[in-house]
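> sequence first, then the predicted structure:
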Amino acid sequence: MVNIHPSLLPRHRGSAPIQHTILKGDTETGVCVMELSENKFDHGNILKTVHYPIPNPDTVTFDELCRTLAVLGAKALVETLADLPGHRARAVHQSATGQKPTLARKIAKDAGNISFERQSAGDVYRMYRAFGHQAGIHARLGHTDVR
């Protein structure tokens with residue numbers, strides 16, 4: 001079985017790679033067509049990688065990046081399936097990419113809690129663009145919850 005993952009594996013393994021791409025301020029992302037591993041998610045051999053330099057990394061939203069990566073992923077999947085034996089013969093183990101694996105954890109319901117003491121304006125704006133549509137963002141000012 002094969003899978004499309006919307007990141008340049010092994011970076012941003014996990015359930016929220018697009019959100020973490022924005023949160024980390026990445027300037028490049030992409031899609032990987034990979035074989036599924038029997039024991040772990042997002043650990044299979046990479047059959048095809050498509051790089052995508054983000055043209056507007058300081059303003060891109062989850063919805064914009066999701067749409068772009070969906071189109072890239074669909075094209076990559078079709079190309080991979082057209083020559084699956086050849087792609088399997090050239091498959092790359094994720095440890096051979098030279099990148100350190102990172103985990104893109106699921107966005108928790110409380111992920112939108114803003115701490116003005118610990119987060120910069122840039123951090124808050126990245127949160128808004130990454131998962132404001134999903135979990136919302138909010139701060140506590142005195143005794144008032146501001147959304």
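Cool, got the structure.
> what lies in contact with stretch 69-80?
Stretch 69-80 is contacted by residues 2, 4, 6, 18, 29-31, 33, 47-48, 50, 52, 87 when judged by C-beta atoms under 8 Å, 6 or more residues apart in numbering. All C-beta atoms are positioned from the backbone trio N, CA, C, and that covers glycine.
> got the contact list for residue 81?
Residue 81 touches residue 2, counting by C-beta under 8 Å, 6+ apart.
> any idea how far it is from residue 21?
Residue 81 is 25 Å from residue 21, where distance means C-beta to C-beta, to the nearest Å.
> nearest residue to residue 103 other than its sequence neighbours?
residue 14 (5.0 Å; C-beta to C-beta, 6 or more residues apart in numbering).
> buried residues in stretch 17-34?
Across stretch 17-34, burial judged by 16 or more other C-beta atoms under 10 Å covers 17-23, 26, 29-34.
> wait, doesn't residue 127 sit right on residue 115?
No - contact between residue 127 and residue 115 fails when scored by C-beta atoms under 8 Å: they sit 10.7 Å apart.
> residues near residue 99, how many?
Neighbour count of residue 99, defined by other C-beta atoms under 10 Å: 12.
> in this structure it contacts residue 13, no?
No - contact criterion C-beta under 8 Å: residue 99 and residue 13 do not qualify, at 10.6 Å.
> ok, the closest residue to residue 124 other than its chain neighbours - contacts?
Leaving aside its sequence neighbours, residue 124 sits nearest to residue 114 (C-beta to C-beta, 6+ apart; 5.6 Å). Remark: with contacts taken as C-beta under 8 Å, 6+ apart, residue 114 is in contact with 124, 127, 137-139.
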